[in-house]
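In: Predicted model and sequence follow; I will ask about them next.
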Amino acid sequence: MDTQILKLLHERKATRAIAGRPVEEEKVEAILEAACLSASCSNNQPWRFILLDGDDPEALAKGREALSGGNYWAKTAPILIFGYSKADFDCQIGGGTREYYLFDLGMAVQNILLQATELDLVARPMAGFSPKKVREYHLNKPGQTRSGRSPDRARCGSVGRPATAPQLIEKIRARGLWALR
Ligand SMILES: Cc1cc2nc3c(=O)[nH]c(=O)nc-3n(C[C@H](O)[C@H](O)[C@H](O)COP(=O)(O)O)c2cc1C
């Protein structure tokens with residue numbers, strides 16, 4: 001059966017070749033709105049996102065520095081989004097044996113991936129980064145977190161337009177680790 005959701009899910013690819021061209025503001029807003037429309041336990045909405053782009057070049061540069069070596073390709077992405085949460089942002093059931101904050105954060109991130117895909121953008125999740133560096137620089141800025149609560153779990157992703165293979169270094173191309181659309 002053809003459905004819009006299945007079409008999007010088939011189209012979504014974690015592409016590494018990302019063009020540096022800025023993404024239009026309305027698309028960025030659509031991506032964040034999609035994240036915030038996600039379901040969450042008791043409607044706690046435990047996700048927090050730090051979006052870094054050309055509006056604050058220093059913060060974006062610091063975000064890029066936090067990426068691990070293997071994720072060098074993401075340094076061309078015009079947007080980095082660090083998503084994070086914390087156990088006490090969300091439901092803890094069974095005396096804390098069942099926690100939902102990462103489950104809910106993950107669902108919000110999936111909405112980002114799908115909305116980006118529909119807008120012909122690429123959004124790739126990344127575990128390869130230093131949460132410590134992000135905490136030290138981005139979360140110590142006033143106004144970045146609610147009431148000074150620091151995260152104990154963070155997730156990261158890059159967003160941009162898909163680009164063509166020459167942007168990638170030979171090592172990656174040779175290993176065929178990238179996907180083009
Ligand atoms: C939690 C998580 C962490 C990931 N970390 C990285 C990463 O650090 N670097 C990277 O290039 N890809 C990363 N990926 C992307 C996966 O490699 C990619 O989703 C997987 O190979 C499947 O490809 P597809 O998303 O195109 O279906 C991550 C994906 C997830 C869900």
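Out: Great, that's in hand.
In: For the protein, what lies in contact range of the ligand?
Out: 13-14, 16, 71, 124-128, 179 (C-beta under 6 Å from any ligand atom). Every C-beta, even on glycine, is put in place using the N, C-alpha and C of the backbone.
In: looking at those, which has the most residues close by?
Out: Within the residues of the chain next to the ligand, neighbour counts (other C-beta atoms under 10 Å) peak at Arg16, which reaches 25 neighbours.
In: in terms of contact, does it touch Trp73 like I think?
Out: Yes: with contact defined as C-beta atoms under 8 Å, Arg16 counts as touching Trp73 (4.5 Å).
In: just the residues of the chain next to the ligand: which has the poorest pLDDT?
Out: The member of the residues of the chain next to the ligand with the lowest pLDDT is Ala179, at 26.
In: And the next helix or strand past the helix ranked longest in the chain?
Out: Longest helix in the chain by number of residues (criterion: DSSP state H): helix 101-118. Moving toward the C-terminus from helix 101-118, the next helix or strand (DSSP states H and E) is strand 122-126.
In: partner strands of that following strand, parallel or antiparallel?
Out: Strand 122-126 pairs in its sheet with strand 153-162 (antiparallel), by DSSP bridges.
In: avg pLDDT for the partner strand?
Out: Mean pLDDT, strand 153-162: 63.
In: quick one, helices of the protein?
Out: Secondary structure of the chain (DSSP H): helices at 4-11, 25-36, 57-65, 101-118, 131-137, 170-175.
In: a markdown table please, covering those helices and showing mean pLDDT and mean neighbour count.
Out: Shown next, in a markdown table, are the helices of the chain (pLDDT from 0 to 100; neighbours: other C-beta atoms under 10 Å):
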| stretch | mean pLDDT | mean neighbour count |
| --- | --- | --- |
| helix 4-11 | 96 | 11 |
| helix 25-36 | 90 | 16 |
| helix 57-65 | 92 | 16 |
| helix 101-118 | 94 | 20 |
| helix 131-137 | 86 | 16 |
| helix 170-175 | 37 | 11 |
